[in-house]
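K.L.:
dropping the sequence and predicted coords here.
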2 protein chains.
Amino acid sequence: MFLFNRLVLLVSLFCIGVVQAQSMDSIFIRQLADEIFLRSKAYENLRVLTKNIGPRLAGSSGMVKAEKWGLAAMQSAGADQAWMQACMVPHWVRGGTDKATTMVNTVAGKRGVSLDVVALGNSFGSGPNGITAEVVEVKSFEELELKKDQVKGKIVFYNYPFNATYVKTFQAYGDASKYRGQGPSQAAKYGAVGTIVRSMSHGANNHPHTGSTRYDSSYAKIPAVAIGLEDADQLSQWLEKQTVKVKLETHGYFLPDTIGHNIIGELKGAEFPDQIITVGGHLDSWDNCEGAHDDGAGCVQTIEILRAFKAIGYQPRHTIRFVLFANEENGLRGGTKYAEEAKEKNEKHIFALESDAGGFTPRGFGFSVSDEQFQKITQWQSLISPYGCSEFSRGGGGADIGPLNRLFKTPLAGLQPDSQRYFDYHHARNDVFEAVNRRELELGAINMAALIYLIDRYAL
Amino acid sequence: MFLFNRLVLLVSLFCIGVVQAQSMDSIFIRQLADEIFLRSKAYENLRVLTKNIGPRLAGSSGMVKAEKWGLAAMQSAGADQAWMQACMVPHWVRGGTDKATTMVNTVAGKRGVSLDVVALGNSFGSGPNGITAEVVEVKSFEELELKKDQVKGKIVFYNYPFNATYVKTFQAYGDASKYRGQGPSQAAKYGAVGTIVRSMSHGANNHPHTGSTRYDSSYAKIPAVAIGLEDADQLSQWLEKQTVKVKLETHGYFLPDTIGHNIIGELKGAEFPDQIITVGGHLDSWDNCEGAHDDGAGCVQTIEILRAFKAIGYQPRHTIRFVLFANEENGLRGGTKYAEEAKEKNEKHIFALESDAGGFTPRGFGFSVSDEQFQKITQWQSLISPYGCSEFSRGGGGADIGPLNRLFKTPLAGLQPDSQRYFDYHHARNDVFEAVNRRELELGAINMAALIYLIDRYAL
């Protein structure tokens, strides 16, 4: 009985300890949230990044300006130290205005109809005279196989619809994006001379959405464009009734690789300075937009967490690195360099978090962690969920922090904002500052800051 | 042992039954979701309601057009029967363009600066010559008490900030809206001749936000306007350095009460035709906007649930009424009439759900139900949460269905979409069709349809 009482006492003390810790954590997170809601610089930083700097594809002059801005922003947010980590980045150039024009009378009785297209990132130009050819529509790679004898000398039009029935829109993207990535080479394999890909979007407009394509070196590197949804539907309707010839004019080419930089700000850990927590987004954007959601949002949230920690005088136990990664969109050289240099220096990376799914209202985090780690994380759910991230799920992270996991098995997390609007803007000309809501952006930073704080306090 | 085995068997069979039912429900809800994602009319209906009809305040010609549209929409969505339920509604008229103009040289050196204002709903006009008076700023009713001897003959400017630190923005609204509701009469009590109220918004623009005020008949009914946030800050800055005189010109008045209508579509219950489930939104909007989020969204979601049930051939067990309520904004006569007539006819109302918090991405439902009912509802959470409503909380419903609860103790629920953007648009000129995202709107309808289905199938 005595022993039992002692046990009850011990358990009680332990529970009181846990409750007190939770309550202290809850107060601290509230303080972080108030700091960010009331004094955030995230929205103003995003305005400067998108409006004053704008597009910032790897290798471009926008990249250079953005890097300079990022370094100054890290310093001004209060980093103990901030630096630029150099890495070689590809330098793809669009080279001119992308065009697709009908070269026959369409059913509507018009010739020379301009379709709204944008060349795919990393794609090669059509040459000075463009390429003019008949269009063959396929709805899928399976249909391409069936029509493989009909596509020689033609333009293959991949008209694979973005699946509206997936609640989480990234599922639709995962499903459809293979046509952008592999479509051109699959078509070239059967002798096609160009490709038009239906944009990966549910958008209620006609903006075409770009993104990387990956040529297979076994086949000709044929020109490739994405087409807006209304024009895709229109082209498909014409093709039901007649043959349509299109002239494609694109101008893409590569300049030699050049030097880009990851921008790193650091808060030194007081207890475990050699154990590193990374939080970041990517600084590059496509050249056809301001890259506000992709991924200006992730960058300014990252800087905001640093600013808020400093502003309320938080002294982390572990070293926290705030990173704006280079070249996520068409090479991933920044994320790769970050992990490789860490490996060379024998650094210890205990956790990494990325925000690269837009500056929308936060709903949860996806975790690439062990069962045991996930169980621990789950105990923090009630501390974070009042700020919006109530959905904790397995799997997730971010493209730029992926290499850390591959080299170090570093546990990863990715912020999961609401995804309904993301593919209205993704890689399209309307991904601009005005498409981001201040409070939604700030709430993302608050939830990320809370998670980083808990990781720093309790590790995994 | 034999008994124990029998018990195990019974429990197992029961569990299998529950699992099978859940699995059937899950399949049915998936079918509802696909129907709405792929063939929804909600977005197109919203376009017609906002763009072709537009503002539709009680008593206005817009109200009459909207009612006619609503009846036709219910019929076309497949109601077994649809009708208009008449009720007397107030007929407040803005009467002209609201103006507030500075009548002294401001610090900026300008006289005659126009401030962006809108008269509060139900407020009385300033008379043909306007009222010109010095402005006294107060941050709260407490400060008004302190300054009560200084406001006679003056315009009281309530500059109470919308609290940015509340994560759920309706809390900030609940906190601030008393200045709009009671502010004018509280100021008139001490002899003020006019009121300017800081808009209830975090909006990153200068649009003023209207909404009802409630005069206390003991005091003079003085003119009252809401002011945009930038102008409120500007006015406050001027007042720090000098006295500011403003001329207020408003023109509000009441015409005699007129006839408005609730628009009701019905699906007759196969098993319990006399037990009624209500789902609805309100058809009226303020006169200064298209009322897209408030509450065009709730109306078209309501019609969409009816359409989807019919389209997939769902035969409800209980009678389901789809209601577009009249006059929520400045009288609540529609909701009151609906409950009163139900009482007269001795109807049995077993549940009511309202959507009146914007057409944003759904996050949860708030329930005004008993403990026992809430426990039952909680068991459905895993069926609904994959579609976005993962947060089930106590408390909630909607203004229009409130009277049902008061007269019948009917259990209520309110759809709770993400609230971050709501007060950027609420009662302001930018509450237009373009501010609503198609998928977010449709997801709201999907979650509501799922809840109504489960209520119909299992009751409470």
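P.N.:
Nice, I can see it.

K.L.:
isn't there a strand covering A:Leu46?
P.N.:
No - A:Leu46: not assigned to a strand; according to DSSP: H, G, I helix; E, B strand; the rest coil it is helix.

K.L.:
where does chain A dip in pLDDT?
P.N.:
Within chain A, the stretches with pLDDT under 70 are A:1-19, A:106-109.

K.L.:
let me see the domain layout of it.
P.N.:
Annotated domains of chain A cover A:27-92+A:256-458, A:95-251 [automatic domain parsing].

K.L.:
among these, show me which one is buried the most.
P.N.:
Neighbour counts (mean count of other CB atoms under 10 Å in any protein chain shown) averaged over each of the domains of chain A peak at domain A:27-92+A:256-458, with a mean of 22. Bear in mind the C-beta positions are built from the backbone N, C-alpha and C, glycine included.

K.L.:
hmm, that one in reach of chain B?
P.N.:
Yes - counting by CB under 8 Å from any CB of the partner chain, chain B has neighbours in domain A:27-92+A:256-458: A:33-34, A:37-38, A:43, A:361, A:363, A:386-388, A:390-391, A:418, A:420-421, A:424, A:437-440, A:443.

K.L.:
hang on, the earlier thing: in JSON lines, list the domains of chain A along with distance to B:Thr169.
P.N.:
Formatted as JSON lines, those follow (distance: least, CB to CB, whole Å):
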{"stretch": "domain A:27-92+A:256-458", "distance to B:Thr169": "8"}
{"stretch": "domain A:95-251", "distance to B:Thr169": "24"}
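
K.L.:
tell me where the stretch 251-400 of chain A has helices.
P.N.:
If DSSP state H, counting those that start in this stretch is used as the criterion, the helices of the stretch 251-400 of chain A fall at A:297-311, A:333-344, A:371-378, A:381-384.

K.L.:
Throw these into JSON lines and include distance to A:Ser201, thanks.
P.N.:
Putting those into JSON lines (distance: least, CB to CB, whole Å) gives the following:
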{"stretch": "helix A:297-311", "distance to A:Ser201": "18"}
{"stretch": "helix A:333-344", "distance to A:Ser201": "25"}
{"stretch": "helix A:371-378", "distance to A:Ser201": "33"}
{"stretch": "helix A:381-384", "distance to A:Ser201": "31"}
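
K.L.:
out of the ones you listed, which is closest to A:Gln182?
P.N.:
When those are compared by CB to CB, helix A:333-344 sits nearest A:Gln182, at 21.5 Å.

K.L.:
what's in contact with that closest one?
P.N.:
Counting by CB atoms under 8 Å, 6 or more residues apart in numbering or on different chains, helix A:333-344 makes contact with A:58, A:85-90, A:260-262, A:276, A:278, A:282-284, A:323, A:325-328, A:349, A:399-404, A:406-408, all of which sit outside it.

K.L.:
stretch A:127-142 now?
P.N.:
So stretch A:127-142 is in contact with A:99, A:103, A:144, A:147, A:150-151, A:153-161, A:178-179, A:182, A:186, A:192-194, A:196, A:222-223, A:235-236, A:239, A:243-249, going by CB under 8 Å, 6+ apart.

K.L.:
what about 6 Å?
P.N.:
Outside stretch A:127-142, the residues that touch it by CB atoms under 6 Å, 6 or more residues apart in numbering or on different chains are A:103, A:144, A:150-151, A:154-157, A:159-160, A:193-194, A:236, A:239, A:243-249.

K.L.:
got it, and stretch A:288-297?
P.N.:
Contacts for stretch A:288-297 (CB under 6 Å, 6+ apart): A:46, A:49-50, A:54, A:118, A:210, A:281-282, A:285, A:356, A:358-359, A:425-426, A:429, A:431-433, A:435-436, A:441.

K.L.:
restricted to strands, list those.
P.N.:
A:118, A:281-282 (DSSP state E).

K.L.:
adding distance to A:Thr336, write the residues you listed out as a markdown table.
P.N.:
Below are the ones in strands among the contacts of stretch A:288-297 laid out as a markdown table (distance: CB to CB, whole Å):
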| residue | distance to A:Thr336 |
| --- | --- |
| A:Val118 | 26 |
| A:Gly281 | 16 |
| A:His282 | 12 |
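
K.L.:
for chain B, state which of these is nearest.
P.N.:
A:Gly281 (19.9 Å; CB to the nearest CB).

K.L.:
the longest strand belonging to chain A pairs with which strands, parallel or anti?
P.N.:
Looking across chain A with DSSP E, the single longest strand is strand A:253-267. If you go by DSSP bridges, strand A:253-267 pairs up with strand A:81-93 (antiparallel), strand A:318-325 (antiparallel).

K.L.:
what is the orientation angle of that strand with helix A:333-344?
P.N.:
Between strand A:253-267 and helix A:333-344, the angle comes out at 50 degrees (axes from the mean of the first three to the mean of the last three CA atoms, to 10 degrees).
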